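Undergrad: Predicted structure and sequence below. I'll ask about it afterward.
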Amino acid sequence: MKPASGRLLIAEPFMGDPYFKGAVVMLCEHKPEGTFGLILNKPSEMKVNDVVENFPSVDNFIYYGGPVQPNTLHYLHRRSDLIPESSDLGNGIFWGGDFEKLIFMLDTKQISEDEIKFFYGYSGWEEGQLENEISTTSWFIGNSSQQYLFQEDPKTLWRTVLKDMGDRFRVIANFPENPNLN
């Protein structure tokens with residue numbers, strides 16, 4: 001499987017990079033000149049309205065999307081019918097869209113908190129960088145689903161995605177975090 005918008009990057013079990021250890025990344029854009037993604041399983045302890053001024057009162061925690069531009073806000077959702085200009089990532093998952101419309105929809109409770117996730121920062125790769133990392137088996141590539149994004153516990157997402165990918169990956173999903181402790 002090759003990287004593409006709407007696919008997942010799943011960190012190999014021994015990735016040393018602290019930003020991506022145990023990460024599941026939604027690829028939002030993959031082009032020859034570079035790749036943009038959001039880490040799905042690293043929630044912060046902050047709520048989105050704690051970090052964005054004049055934001056509607058919602059209980060959503062904001063997720064760490066990646067180390068690039070941590071002062072930016074991004075969102076994934078399943079309501080393109082209510083948020084125009086969203087990018088379709090497949091499987092009923094959408095990225096971004098009209099921010100003013102989003103604010104209105106949240107403020108009037110037309111979008112529920114379980115239909116959207118917010119991220120600060122993003123994960124980015126320059127031309128050829130991601131392909132190089134994949135060739136050295138730093139990442140596995142998988143398919144996305146709304147369940148992973150909106151229902152799965154972020155603490156178990158990495159293992160769940162790998163187990164759902166089949167036999168070889170089920171074994172990998174059960175690797176201990178530190179094999180020297182076994």
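TA: On my side now, so go ahead.
Undergrad: drop to CA atoms for contacts and neighbour counts, all remaining ones
TA: Will do.
Undergrad: centre of the chain versus the helix or strand of the chain with the lowest mean pLDDT, how much separation?
TA: Least confident helix or strand of the chain, by mean pLDDT, DSSP states H and E, is helix 167-173 with a mean of 86. Relative to the centre of its chain, helix 167-173 is centred 21 Å away, using Cα atoms, centre = their mean, to the nearest Å.
Undergrad: which residues touch it?
TA: Contact partners of helix 167-173, identified using Cα atoms under 8 Å, 6 or more residues apart in numbering, comprise 13, 158, 159, 160, 162, 163, 164.
Undergrad: neighbours around the last one, how many?
TA: Other residues within reach of residue 164, judged by other Cα atoms under 10 Å, total 13.
Undergrad: Report pLDDT for it.
TA: The score at residue 164 is 95. That number is its pLDDT.
Undergrad: returning to that earlier point: the contacts of helix 167-173 in strands, which ones?
TA: Residues of the contacts of helix 167-173 located in strands (DSSP state E): none.
Undergrad: which residue is nearest the middle of the chain?
TA: Geometric centre of the chain, nearest residue: residue 40, 3.1 Å, by Cα atoms, centre = their mean.
Undergrad: Check that residue and give its pLDDT.
TA: 98.
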